[in-house]
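Student: give the three-dimensional model of this entry:
(one chain, ligands or ions: 3)
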Amino acid sequence: ATSPSSDADAISRFQEYLRIDTAQPAPKYAAAVDFLRAQAAAAGLEAQTIELFAGKPLLLLKWPGRQPSLPSILLNSHTDVVPSEPHKWEHPPFSAALDEASGRIYARGSQDMKCVGMQYLEAIRRVRAAGFIPDRNIYITFVPDEEIGGHEGVEAFVESKEYKDLNVGLVLDEGLASPGEEYRVFYAERSPWWLTIKAKGAPGHGAKLYDDVDLVKSGEKAEGDVVSVNFAYLKAGTQTPTGFVMNLQPSEAEVGLDIRMPPNVHVEALKRRLVEEWAPSSRNMSFEFKQKGCVLDNFGKPAITPVDSSNPWWSVFEEAVKRAGGKLGKPEVFPASTDARYFRKIGIPALGFSPMANTPILLHDHNEFLSKDEYIKGIGIYESVIKALATHKDDARDDESRAEL
Ligand SMILES: CSCC[C@H](NC=O)C(=O)O
Ligand SMILES: [Zn+2]
Ligand SMILES: [Zn+2]
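Tutor: Ligands and ions are numbered 1, 2, ... in the order given. Here you go, the predicted structure:
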(Lines give C-alpha, C1' and ligand atoms only; values in the text may rest on other atoms or scores of the structure.)
(Ligands and ions follow the chains in the order given, each with its own letter.)
Protein backbone atom coordinates (compact mmCIF):
# COMPACT_ATOMS: atom_id res chain seq x y z
CA ALA A 1 0.00 0.00 0.00
CA THR A 2 1.20 3.50 -0.70
CA SER A 3 0.69 6.66 1.25
CA PRO A 4 0.54 10.17 -0.18
CA SER A 5 3.78 11.01 1.63
CA SER A 6 5.67 8.04 0.18
CA ASP A 7 4.33 9.02 -3.24
CA ALA A 8 5.62 12.55 -2.75
CA ASP A 9 9.05 11.18 -1.81
CA ALA A 10 9.04 8.98 -4.88
CA ILE A 11 8.27 12.00 -7.06
CA SER A 12 11.12 13.97 -5.47
CA ARG A 13 13.54 11.12 -6.16
CA PHE A 14 12.36 10.93 -9.77
CA GLN A 15 12.92 14.68 -10.15
CA GLU A 16 16.37 14.37 -8.65
CA TYR A 17 17.37 11.75 -11.24
CA LEU A 18 15.86 13.87 -14.04
CA ARG A 19 17.98 16.84 -12.99
CA ILE A 20 21.22 15.03 -13.75
CA ASP A 21 22.24 16.09 -17.23
CA THR A 22 22.95 12.83 -19.01
CA ALA A 23 22.37 14.16 -22.51
CA GLN A 24 24.46 12.80 -25.32
CA PRO A 25 27.13 13.46 -26.44
CA ALA A 26 28.54 14.22 -22.96
CA PRO A 27 26.35 12.44 -20.42
CA LYS A 28 27.24 12.93 -16.75
CA TYR A 29 27.36 9.20 -16.14
CA ALA A 30 29.38 9.41 -12.93
CA ALA A 31 26.81 11.69 -11.31
CA ALA A 32 23.97 9.43 -12.43
CA VAL A 33 25.69 6.32 -11.09
CA ASP A 34 26.44 8.02 -7.73
CA PHE A 35 22.79 8.96 -7.39
CA LEU A 36 21.58 5.50 -8.40
CA ARG A 37 23.99 3.73 -6.05
CA ALA A 38 22.54 5.72 -3.17
CA GLN A 39 19.03 4.77 -4.30
CA ALA A 40 20.06 1.13 -4.57
CA ALA A 41 21.45 1.19 -1.03
CA ALA A 42 18.18 2.65 0.23
CA ALA A 43 16.32 -0.14 -1.56
CA GLY A 44 18.62 -2.73 0.03
CA LEU A 45 20.13 -3.88 -3.26
CA GLU A 46 23.68 -5.06 -3.93
CA ALA A 47 25.47 -2.80 -6.39
CA GLN A 48 28.35 -3.31 -8.79
CA THR A 49 29.65 -0.75 -11.27
CA ILE A 50 30.98 -2.40 -14.40
CA GLU A 51 33.15 -0.30 -16.65
CA LEU A 52 33.62 -2.24 -19.87
CA PHE A 53 34.69 1.04 -21.50
CA ALA A 54 36.37 3.91 -19.68
CA GLY A 55 33.91 6.59 -18.67
CA LYS A 56 30.91 4.40 -19.56
CA PRO A 57 29.79 2.85 -16.29
CA LEU A 58 27.07 0.23 -16.26
CA LEU A 59 25.42 -0.19 -12.89
CA LEU A 60 24.32 -3.72 -12.02
CA LEU A 61 22.03 -4.14 -9.01
CA LYS A 62 20.98 -7.42 -7.48
CA TRP A 63 18.10 -8.53 -5.31
CA PRO A 64 19.01 -12.10 -4.42
CA GLY A 65 16.34 -14.76 -4.70
CA ARG A 66 15.71 -17.77 -2.51
CA GLN A 67 16.46 -20.14 -5.39
CA PRO A 68 19.39 -18.54 -7.21
CA SER A 69 19.72 -21.40 -9.69
CA LEU A 70 16.44 -20.39 -11.38
CA PRO A 71 16.66 -18.20 -14.50
CA SER A 72 16.76 -14.58 -13.37
CA ILE A 73 14.83 -11.47 -14.38
CA LEU A 74 16.73 -8.47 -15.74
CA LEU A 75 15.09 -5.03 -15.52
CA ASN A 76 16.98 -2.78 -17.90
CA SER A 77 17.02 0.97 -18.42
CA HIS A 78 19.45 3.38 -20.03
CA THR A 79 20.84 6.38 -18.18
CA ASP A 80 21.61 8.56 -21.20
CA VAL A 81 19.09 10.84 -22.88
CA VAL A 82 19.00 12.59 -26.23
CA PRO A 83 20.03 16.25 -26.58
CA SER A 84 17.41 18.98 -26.51
CA GLU A 85 16.89 22.54 -27.74
CA PRO A 86 16.25 24.24 -24.38
CA HIS A 87 14.96 27.49 -25.88
CA LYS A 88 12.09 25.56 -27.45
CA TRP A 89 10.94 24.17 -24.09
CA GLU A 90 8.45 25.74 -21.70
CA HIS A 91 10.60 24.60 -18.76
CA PRO A 92 14.33 23.93 -18.93
CA PRO A 93 14.89 20.27 -19.89
CA PHE A 94 16.86 19.46 -16.74
CA SER A 95 14.65 21.38 -14.32
CA ALA A 96 12.17 18.55 -13.82
CA ALA A 97 9.67 21.34 -13.20
CA LEU A 98 6.38 20.15 -11.77
CA ASP A 99 3.44 22.06 -13.15
CA GLU A 100 1.08 22.09 -10.18
CA ALA A 101 -2.09 22.61 -12.19
CA SER A 102 -1.56 19.69 -14.57
CA GLY A 103 0.71 17.49 -12.44
CA ARG A 104 3.14 17.22 -15.34
CA ILE A 105 6.86 16.81 -14.71
CA TYR A 106 8.81 18.31 -17.57
CA ALA A 107 12.25 16.92 -18.33
CA ARG A 108 14.33 15.29 -20.99
CA GLY A 109 14.23 11.63 -20.02
CA SER A 110 10.89 11.83 -18.20
CA GLN A 111 9.50 9.33 -20.73
CA ASP A 112 12.74 8.00 -22.25
CA MET A 113 13.52 6.41 -19.88
CA LYS A 114 14.48 7.65 -16.47
CA CYS A 115 10.88 7.02 -15.38
CA VAL A 116 11.22 3.29 -15.93
CA GLY A 117 14.57 2.96 -14.15
CA MET A 118 13.28 4.76 -11.07
CA GLN A 119 9.95 2.92 -11.16
CA TYR A 120 11.81 -0.41 -10.95
CA LEU A 121 13.59 0.83 -7.83
CA GLU A 122 10.48 2.31 -6.23
CA ALA A 123 8.49 -0.86 -6.90
CA ILE A 124 11.21 -2.97 -5.31
CA ARG A 125 11.32 -0.73 -2.25
CA ARG A 126 7.59 -1.17 -1.85
CA VAL A 127 7.36 -4.91 -2.33
CA ARG A 128 10.36 -5.43 -0.03
CA ALA A 129 8.80 -3.25 2.63
CA ALA A 130 5.71 -5.45 2.40
CA GLY A 131 7.88 -8.47 3.18
CA PHE A 132 8.12 -10.02 -0.27
CA ILE A 133 11.17 -12.16 -1.06
CA PRO A 134 11.79 -13.25 -4.67
CA ASP A 135 12.36 -16.88 -5.60
CA ARG A 136 14.64 -16.03 -8.51
CA ASN A 137 17.38 -13.41 -8.60
CA ILE A 138 16.23 -10.00 -9.79
CA TYR A 139 18.81 -7.84 -11.54
CA ILE A 140 18.45 -4.19 -12.44
CA THR A 141 20.81 -2.64 -14.97
CA PHE A 142 21.37 1.05 -15.65
CA VAL A 143 23.24 1.15 -18.91
CA PRO A 144 25.10 3.83 -20.87
CA ASP A 145 24.94 4.85 -24.52
CA GLU A 146 21.60 3.43 -25.66
CA GLU A 147 20.84 6.60 -27.57
CA ILE A 148 23.98 6.28 -29.67
CA GLY A 149 23.58 2.62 -30.49
CA GLY A 150 24.52 0.79 -27.29
CA HIS A 151 27.82 -0.48 -28.71
CA GLU A 152 29.77 0.38 -25.57
CA GLY A 153 26.70 -0.44 -23.48
CA VAL A 154 24.44 -3.44 -23.81
CA GLU A 155 25.98 -4.77 -27.02
CA ALA A 156 29.26 -5.31 -25.17
CA PHE A 157 27.59 -6.25 -21.89
CA VAL A 158 25.73 -9.27 -23.31
CA GLU A 159 29.10 -10.70 -24.38
CA SER A 160 30.70 -10.18 -20.97
CA LYS A 161 31.39 -12.73 -18.25
CA GLU A 162 29.48 -10.50 -15.84
CA TYR A 163 26.35 -10.87 -17.97
CA LYS A 164 26.75 -14.59 -18.61
CA ASP A 165 26.93 -15.24 -14.88
CA LEU A 166 23.46 -13.76 -14.41
CA ASN A 167 21.59 -16.64 -16.11
CA VAL A 168 18.96 -14.27 -17.45
CA GLY A 169 15.59 -15.75 -18.39
CA LEU A 170 13.65 -12.62 -19.28
CA VAL A 171 14.46 -8.97 -19.88
CA LEU A 172 12.15 -6.00 -19.46
CA ASP A 173 13.25 -2.88 -21.33
CA GLU A 174 11.62 0.30 -22.58
CA GLY A 175 8.42 0.81 -24.51
CA LEU A 176 6.47 3.91 -25.48
CA ALA A 177 3.86 6.12 -23.92
CA SER A 178 0.30 5.56 -25.00
CA PRO A 179 -2.18 8.38 -25.58
CA GLY A 180 -5.05 5.99 -24.81
CA GLU A 181 -5.81 4.04 -21.69
CA GLU A 182 -4.04 0.84 -22.78
CA TYR A 183 -0.36 0.34 -22.08
CA ARG A 184 1.74 -0.65 -25.06
CA VAL A 185 4.04 -3.64 -25.07
CA PHE A 186 6.67 -4.55 -27.67
CA TYR A 187 7.95 -8.01 -28.60
CA ALA A 188 10.37 -7.01 -31.37
CA GLU A 189 11.72 -3.88 -32.96
CA ARG A 190 12.93 -2.43 -36.22
CA SER A 191 16.68 -2.48 -36.76
CA PRO A 192 18.41 0.82 -37.32
CA TRP A 193 20.33 1.14 -40.57
CA TRP A 194 21.95 4.54 -40.61
CA LEU A 195 23.30 5.05 -44.05
CA THR A 196 25.31 7.73 -45.73
CA ILE A 197 25.53 7.89 -49.49
CA LYS A 198 28.20 9.97 -51.13
CA ALA A 199 28.22 11.14 -54.68
CA LYS A 200 31.33 12.45 -56.33
CA GLY A 201 31.65 14.23 -59.60
CA ALA A 202 33.64 16.76 -61.47
CA PRO A 203 33.31 20.28 -60.14
CA GLY A 204 32.57 22.89 -62.74
CA HIS A 205 29.88 25.03 -64.21
CA GLY A 206 26.49 24.89 -62.50
CA ALA A 207 24.63 24.58 -65.77
CA LYS A 208 25.79 20.99 -66.18
CA LEU A 209 23.07 18.52 -65.36
CA TYR A 210 23.42 15.60 -62.95
CA ASP A 211 20.90 13.04 -61.82
CA ASP A 212 19.32 13.48 -58.43
CA VAL A 213 19.78 10.87 -55.77
CA ASP A 214 16.78 8.58 -55.98
CA LEU A 215 15.13 8.30 -52.55
CA VAL A 216 12.18 6.43 -51.23
CA LYS A 217 9.68 7.26 -48.53
CA SER A 218 7.78 4.55 -46.71
CA GLY A 219 4.13 3.75 -47.05
CA GLU A 220 1.69 3.74 -44.12
CA LYS A 221 0.93 0.57 -42.19
CA ALA A 222 1.42 -0.29 -38.53
CA GLU A 223 4.32 1.85 -37.39
CA GLY A 224 6.73 -1.00 -36.72
CA ASP A 225 5.76 -3.17 -39.69
CA VAL A 226 7.09 -1.14 -42.58
CA VAL A 227 10.55 -0.16 -43.68
CA SER A 228 10.99 3.57 -43.18
CA VAL A 229 13.56 5.76 -44.90
CA ASN A 230 13.99 9.24 -43.49
CA PHE A 231 16.35 12.00 -44.50
CA ALA A 232 18.60 12.97 -41.62
CA TYR A 233 20.69 15.46 -43.55
CA LEU A 234 21.78 16.57 -46.98
CA LYS A 235 25.22 18.02 -47.39
CA ALA A 236 26.12 19.59 -50.69
CA GLY A 237 26.91 22.86 -52.31
CA THR A 238 29.51 25.55 -51.87
CA GLN A 239 28.81 28.08 -49.16
CA THR A 240 30.13 31.63 -49.04
CA PRO A 241 29.38 34.33 -46.42
CA THR A 242 26.52 35.53 -48.60
CA GLY A 243 24.94 32.13 -49.18
CA PHE A 244 25.24 29.11 -51.44
CA VAL A 245 26.77 29.53 -54.87
CA MET A 246 24.24 28.68 -57.54
CA ASN A 247 26.41 28.36 -60.60
CA LEU A 248 29.01 26.03 -59.21
CA GLN A 249 28.58 22.29 -59.61
CA PRO A 250 29.65 20.77 -56.26
CA SER A 251 32.26 18.05 -56.44
CA GLU A 252 30.69 16.11 -53.58
CA ALA A 253 27.27 15.53 -52.12
CA GLU A 254 26.23 13.39 -49.21
CA VAL A 255 22.89 12.30 -47.82
CA GLY A 256 22.29 10.73 -44.41
CA LEU A 257 19.40 8.29 -44.16
CA ASP A 258 17.82 6.85 -41.05
CA ILE A 259 16.41 3.52 -42.19
CA ARG A 260 14.40 1.22 -39.91
CA MET A 261 14.01 -2.43 -40.81
CA PRO A 262 11.18 -4.57 -39.38
CA PRO A 263 12.18 -8.04 -38.20
CA ASN A 264 10.50 -9.89 -41.09
CA VAL A 265 11.77 -7.72 -43.91
CA HIS A 266 13.48 -9.06 -47.03
CA VAL A 267 16.91 -7.62 -46.40
CA GLU A 268 18.52 -8.72 -49.66
CA ALA A 269 15.99 -6.86 -51.78
CA LEU A 270 16.77 -3.60 -50.04
CA LYS A 271 20.51 -4.16 -50.27
CA ARG A 272 20.23 -4.80 -54.00
CA ARG A 273 18.26 -1.64 -54.44
CA LEU A 274 20.89 0.29 -52.57
CA VAL A 275 23.74 -1.02 -54.68
CA GLU A 276 21.93 -0.85 -58.01
CA GLU A 277 19.70 2.21 -57.71
CA TRP A 278 20.58 4.44 -54.79
CA ALA A 279 24.34 4.43 -54.89
CA PRO A 280 25.65 2.74 -58.03
CA SER A 281 29.44 2.85 -58.19
CA SER A 282 29.11 3.39 -61.93
CA ARG A 283 27.94 6.89 -61.04
CA ASN A 284 30.84 7.50 -58.66
CA MET A 285 28.60 6.91 -55.70
CA SER A 286 29.49 5.07 -52.55
CA PHE A 287 27.76 4.22 -49.31
CA GLU A 288 28.64 3.45 -45.74
CA PHE A 289 26.62 2.16 -42.78
CA LYS A 290 27.04 4.17 -39.59
CA GLN A 291 24.76 1.69 -37.82
CA LYS A 292 23.52 -1.60 -39.11
CA GLY A 293 21.38 -3.53 -36.68
CA CYS A 294 20.71 -7.21 -37.26
CA VAL A 295 17.26 -8.16 -38.39
CA LEU A 296 17.96 -11.82 -37.55
CA ASP A 297 19.15 -13.23 -34.27
CA ASN A 298 22.31 -15.35 -33.81
CA PHE A 299 20.33 -18.44 -34.81
CA GLY A 300 19.20 -17.00 -38.15
CA LYS A 301 15.61 -16.33 -37.05
CA PRO A 302 13.82 -12.97 -36.91
CA ALA A 303 14.70 -11.43 -33.53
CA ILE A 304 11.24 -11.74 -32.02
CA THR A 305 10.07 -12.58 -28.51
CA PRO A 306 7.01 -14.81 -28.75
CA VAL A 307 3.89 -13.38 -27.14
CA ASP A 308 1.78 -16.51 -27.05
CA SER A 309 1.63 -19.74 -25.08
CA SER A 310 5.05 -20.80 -26.41
CA ASN A 311 6.57 -18.16 -24.12
CA PRO A 312 5.65 -18.95 -20.52
CA TRP A 313 6.86 -15.55 -19.29
CA TRP A 314 4.29 -13.81 -21.47
CA SER A 315 1.16 -14.92 -19.64
CA VAL A 316 2.78 -14.22 -16.27
CA PHE A 317 3.54 -10.68 -17.42
CA GLU A 318 0.15 -10.15 -19.03
CA GLU A 319 -1.78 -11.36 -16.00
CA ALA A 320 0.34 -9.28 -13.62
CA VAL A 321 -0.40 -6.07 -15.53
CA LYS A 322 -4.11 -6.90 -15.47
CA ARG A 323 -4.05 -7.74 -11.78
CA ALA A 324 -2.68 -4.27 -11.07
CA GLY A 325 -5.56 -2.71 -12.97
CA GLY A 326 -3.61 -2.02 -16.17
CA LYS A 327 -4.91 -2.68 -19.66
CA LEU A 328 -2.50 -3.96 -22.30
CA GLY A 329 -2.82 -3.25 -26.00
CA LYS A 330 -1.99 -5.81 -28.69
CA PRO A 331 1.78 -6.50 -28.66
CA GLU A 332 3.61 -4.47 -31.29
CA VAL A 333 6.90 -4.10 -33.10
CA PHE A 334 8.76 -1.13 -31.61
CA PRO A 335 9.09 1.45 -34.39
CA ALA A 336 12.52 2.70 -33.28
CA SER A 337 15.31 0.79 -31.59
CA THR A 338 16.20 -0.14 -28.02
CA ASP A 339 18.81 -2.18 -26.20
CA ALA A 340 16.30 -5.04 -26.10
CA ARG A 341 17.55 -6.01 -29.55
CA TYR A 342 20.89 -7.15 -28.12
CA PHE A 343 19.17 -9.55 -25.73
CA ARG A 344 16.83 -10.89 -28.42
CA LYS A 345 19.84 -11.36 -30.69
CA ILE A 346 21.39 -13.82 -28.24
CA GLY A 347 18.06 -15.61 -27.87
CA ILE A 348 16.82 -14.09 -24.60
CA PRO A 349 13.16 -13.03 -24.55
CA ALA A 350 12.73 -9.30 -24.01
CA LEU A 351 9.60 -7.19 -23.68
CA GLY A 352 9.55 -3.43 -24.24
CA PHE A 353 7.28 -1.80 -21.73
CA SER A 354 7.07 1.68 -20.22
CA PRO A 355 3.85 1.99 -18.25
CA MET A 356 2.61 5.41 -19.36
CA ALA A 357 -1.05 5.49 -20.40
CA ASN A 358 -3.06 8.64 -21.19
CA THR A 359 0.21 10.28 -22.20
CA PRO A 360 1.24 11.81 -25.53
CA ILE A 361 4.33 10.24 -27.09
CA LEU A 362 7.05 12.81 -26.48
CA LEU A 363 10.28 10.87 -26.47
CA HIS A 364 13.00 12.90 -28.24
CA ASP A 365 10.49 15.77 -28.56
CA HIS A 366 10.39 19.24 -27.02
CA ASN A 367 8.57 19.53 -23.67
CA GLU A 368 8.85 15.83 -22.88
CA PHE A 369 6.79 15.22 -19.75
CA LEU A 370 5.13 12.59 -17.63
CA SER A 371 2.36 13.28 -15.18
CA LYS A 372 3.04 12.38 -11.59
CA ASP A 373 -0.11 10.29 -11.37
CA GLU A 374 0.89 8.12 -14.32
CA TYR A 375 4.35 7.77 -12.83
CA ILE A 376 2.93 6.57 -9.50
CA LYS A 377 0.48 4.24 -11.27
CA GLY A 378 3.41 2.75 -13.15
CA ILE A 379 5.14 1.90 -9.87
CA GLY A 380 2.06 -0.11 -8.90
CA ILE A 381 2.17 -1.95 -12.21
CA TYR A 382 5.81 -2.88 -11.67
CA GLU A 383 5.08 -4.04 -8.12
CA SER A 384 2.67 -6.56 -9.57
CA VAL A 385 4.90 -7.50 -12.51
CA ILE A 386 8.05 -7.91 -10.42
CA LYS A 387 6.31 -10.05 -7.83
CA ALA A 388 4.78 -12.29 -10.49
CA LEU A 389 7.97 -12.70 -12.52
CA ALA A 390 10.05 -13.28 -9.39
CA THR A 391 7.85 -16.11 -8.21
CA HIS A 392 8.61 -19.67 -9.23
CA LYS A 393 5.42 -21.46 -10.18
CA ASP A 394 5.93 -25.18 -10.10
CA ASP A 395 2.47 -26.53 -9.56
CA ALA A 396 1.54 -29.71 -11.40
CA ARG A 397 -1.13 -28.24 -13.66
CA ASP A 398 1.43 -26.10 -15.43
CA ASP A 399 2.65 -27.14 -18.84
CA GLU A 400 6.21 -28.23 -19.56
CA SER A 401 7.42 -24.86 -20.76
CA ARG A 402 6.19 -23.20 -17.58
CA ALA A 403 7.97 -25.86 -15.54
CA GLU A 404 11.28 -24.81 -17.15
CA LEU A 405 11.00 -21.45 -15.48
C1 LIG B 1 21.31 3.22 -33.63
S2 LIG B 1 20.53 2.91 -32.18
C3 LIG B 1 19.61 4.31 -31.83
C4 LIG B 1 18.73 4.10 -30.69
C5 LIG B 1 17.64 5.08 -30.53
N6 LIG B 1 16.81 4.59 -29.50
C7 LIG B 1 15.72 5.20 -29.09
O8 LIG B 1 15.32 6.27 -29.47
C9 LIG B 1 16.87 5.19 -31.83
O10 LIG B 1 17.15 6.11 -32.61
O11 LIG B 1 15.99 4.38 -32.11
ZN1 LIG C 1 15.08 5.02 -24.70
ZN1 LIG D 1 15.47 7.44 -26.97
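Student: going forward, measure contacts and count neighbours with C-alpha atoms only.
Tutor: Will do.
Student: does L195 sit in a helix, a strand or a coil?
Tutor: Secondary structure state of L195, per DSSP: H, G, I helix; E, B strand; the rest coil, is strand.
Student: now it, which residues is it bridged with?
Tutor: Applying DSSP bridges to L195 gives these bridge partners: L257, F289.
Student: show me what counts as buried in stretch 364-371.
Tutor: Going by neighbour count (16 or more other CA atoms under 10 Å), the buried part of stretch 364-371 is H366, N367, E368, F369, L370, S371.
Student: that stretch near ligand 1 at all?
Tutor: No. Using CA under 6 Å from any ligand atom, no contact is recorded between stretch 364-371 and ligand 1, whose separation bottoms out at 7.1 Å.
Student: mean confidence (pLDDT) on that stretch, please.
Tutor: For stretch 364-371, the mean per-residue pLDDT is 97.
Student: what of stretch 130-137?
Tutor: 97.
Student: find the residue closest to the one residue in the stretch 101-250 of the chain that gets nearest to ligand 1 in space, skipping its chain neighbours.
Tutor: Nearest to ligand 1, among the residues of the stretch 101-250 of the chain, is G149, at 3.5 Å (CA to the nearest ligand atom). With CA to CA, 6 or more residues apart in numbering as the criterion, G149 has its nearest non-adjacent residue at 7.5 Å, and that residue is Q291.
Student: who touches the one you found in this structure?
Tutor: G149, P192, W193, W194, L195 (CA atoms under 8 Å, 6 or more residues apart in numbering).
Student: let's see it at 7 Å
Tutor: Q291 sits next to P192, W193, W194 when contact means CA atoms under 7 Å, 6 or more residues apart in numbering.
Student: flag every buried residue along the helix or strand hosting it.
Tutor: In this structure, Q291 is located in strand 285-292 according to DSSP states H and E. Buried residues in strand 285-292, defined by neighbour count with 16+ other CA under 10 Å: M285, S286, F287, Q291, K292.
Student: could you point out which element follows it?
Tutor: helix 312-323.
Student: so how far is that following helix from its chain's centroid?
Tutor: 21 Å (CA atoms, centre = their mean, to the nearest Å).
Student: who does it touch, helix- and strand-wise?
Tutor: Packing partners of helix 312-323 (3 or more CA pairs under 7 Å, 6 or more residues apart in numbering; DSSP states H and E): helix 372-390.
Student: relative to helix 312-323, how tilted is the helix it packs on?
Tutor: Angle, helix 372-390 to helix 312-323, by axes from the mean of the first three to the mean of the last three CA atoms, to 10 degrees: 140 degrees.
Student: where's F157 relative to P64, distance?
Tutor: Noted for F157: a distance of 20 Å to P64, by CA to CA, to the nearest Å.
Student: hmm, back to that, and ligand 1, which of the contacts of Q291 contact it?
Tutor: Checking those against ligand 1 (CA under 6 Å from any ligand atom), the matches are P192.
Student: for the residue nearest in space to the middle of the chain, give its distance to ligand 1.
Tutor: Centroid check for the chain by CA atoms, centre = their mean gives T338 as the closest residue, at 3.3 Å. To ligand 1, T338 is 5 Å away according to CA to the nearest ligand atom, to the nearest Å.
Student: now for that residue: which residues touch it?
Tutor: So T338 contacts E146 (CA under 7 Å, 6+ apart).
Student: repeat the analysis, applying 8 Å as the threshold.
Tutor: Here T338 is in contact with E146, D173, E174, E189 (criterion: CA under 8 Å, 6+ apart).
Student: repeat for Y106
Tutor: H91, P92, P93, S95, A96, A97, L98, D99, N367, E368, F369, L370.
Student: skipping adjacent residues, who's closest to it in space?
Tutor: F369 (4.3 Å).
Student: surely that neighbour meets R104?
Tutor: Yes. Using CA atoms under 8 Å, F369 is in contact with R104, at 6.1 Å.
Student: which parts of the stretch 1-150 of the chain are strands?
Tutor: 46-50, 58-63, 72-78, 97-99, 104-106, 138-143 (DSSP state E, counting those that start in this stretch).
Student: closest to ligand 1 out of those strands?
Tutor: Nearest of the strands of the stretch 1-150 of the chain to ligand 1, taken as CA to the nearest ligand atom: strand 72-78 at 9.9 Å.
Student: on that earlier part again, identify the farthest-apart pair in the contacts of Y106.
Tutor: P92 and L370 (14.6 Å; CA to CA).
Student: so A253 belongs to a strand, correct?
Tutor: Yes. Under three-state DSSP, A253 sits within a strand.
Student: can you report how many residues neighbour it?
Tutor: 16 (other CA atoms under 10 Å).
Student: dump the residue contacts of it.
Tutor: K198, A199, K200, L234, K235, A236, G237.
Student: any idea how far it is from P144?
Tutor: 33 Å.
Student: that older thread, and the contacts of A253, which is closest to F244?
Tutor: G237 (6.5 Å).
Student: distance of the closest one from I376?
Tutor: 52 Å.
Student: where does the protein dip in pLDDT?
Tutor: Confidence mapping of the chain against pLDDT under 70 gives the ranges 1-2, 4-5, 203-221, 395-405.
Student: and for A41, the neighbour number?
Tutor: 12.
Student: quick check: chain neighbours aside, which residue is closest to it?
Tutor: Closest to A41 by CA to CA, 6+ apart is A47, at 7.8 Å.
Student: for E189, same thing?
Tutor: Closest to E189 by CA to CA, 6+ apart is F334, at 4.3 Å.
Student: make sure the one you found is actually in contact with A188.
Tutor: Yes. Between F334 and A188 a contact is recorded at 6.1 Å, counting by CA under 8 Å.
Student: okay, those two: which has more neighbours?
Tutor: Neighbours per residue (other CA under 10 Å) separate F334 from A188, with A188 holding more: 29 against 23.
Student: and the gap between the more buried one and A177?
Tutor: 16 Å.
Student: hmm, back to that, please produce a markdown table containing the contacts of Q291, extended by neighbour count.
Tutor: Formatted as a markdown table, these follow (neighbours: other CA atoms under 10 Å):
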| residue | neighbour count |
| --- | --- |
| P192 | 24 |
| W193 | 19 |
| W194 | 19 |
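Student: out of F157 and P64, which sits in the busier spot?
Tutor: Comparing F157 with P64 by other CA under 10 Å, the one with more neighbours is F157, at 21 against 17.
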